[in-house]
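1. Structure for this input, please:
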Amino acid sequence: MEAPSSNRTPLRSVCFTGHRELPPRTTAAYRQLVKDTEAAIRRAFAAGARRFCCGGAEGFDLLCGKLVLLEKERHLDIQLVLLLPYTGFGERFSAQDRAELERQKKAAEEVVFLSTHYFPGCMALRNRQLVAEADVCIAHLTRAPSGTAQTVGFAKEKGIEVIYV
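-> Predicted coordinates:
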């Protein structure tokens, strides 16, 4: 991703998609994923993005929310927006992930619940909404079929850039 030129519309919004299962935190693979994701966030910011939309799921989503909030310490105009599939989403997370989601909900500029309850298809609805809000998608995709692969497909249908980390 390049910084915007005078005849390109600058980025406004980024969405994230990735798997719930990440490499163990003590591994080089995890450290590289964090480094690559941080770099992608910074490049998007440099290209004009200020709104970063996360789906709040365990794994990559929570990691991205955490990294956006860390970047916000350096750039106050960054906004974290959580698009959650339903009210009560996260109640079945591990205690650590539940606490992280609650921390992000308190720090986010906006928290949107797309439904009052779980229903089949609510995750796909959330994924479509993430893409609808975005000018670019940062993705950690290691396997298909998956919700992540579906979301990347939505981004490609929309014609937005997908940055793989």
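2. Next up, the contacts around the closest residue to residue 62 other than its chain neighbours.
-> With sequence-adjacent residues excluded and distances taken as Cβ to Cβ, 6 or more residues apart in numbering, residue 62 is closest to residue 100, at 5.2 Å. The C-beta positions use only the backbone N, C-alpha and C, and glycine is treated the same way. For residue 100, the residues meeting the contact criterion (Cβ atoms under 8 Å, 6 or more residues apart in numbering) are 62, 65-66.
3. switch the cut-off to 10 Å
-> For residue 100, the residues meeting the contact criterion (Cβ atoms under 10 Å, 6 or more residues apart in numbering) are 56, 58, 62-63, 65-66, 90, 93-94.
4. Okay, and which of those residues map to strands?
-> Among those, none falls in strands (DSSP state E).
5. any idea which of these is closest to residue 111?
-> Lowest distance from residue 111 to the contacts of residue 100 (Cβ to Cβ) belongs to residue 56, with 8.6 Å.
6. where does the chain dip in pLDDT?
-> Along the chain, the model assigns pLDDT under 70 to residues 1-10.
7. Would you map the helices across it?
-> 28-46, 60-72, 95-107, 122-132, 147-158 (DSSP state H).
8. Single out the most deeply packed of the ones you listed.
-> helix 60-72 (a mean of 21; mean count of other Cβ atoms under 10 Å).
9. tell me what it is packed against?
-> Applying 3 or more Cβ pairs under 10 Å, 6 or more residues apart in numbering; DSSP states H and E, one finds that helix 60-72 contacts strand 13-18, helix 28-46, strand 51-54, strand 79-84, helix 95-107, strand 136-140.
10. who wins for proximity to residue 113 among these?
-> Between residue 113 and the helices and strands packed on helix 60-72, the shortest separation by Cβ to Cβ is 5.3 Å, and it involves strand 79-84.
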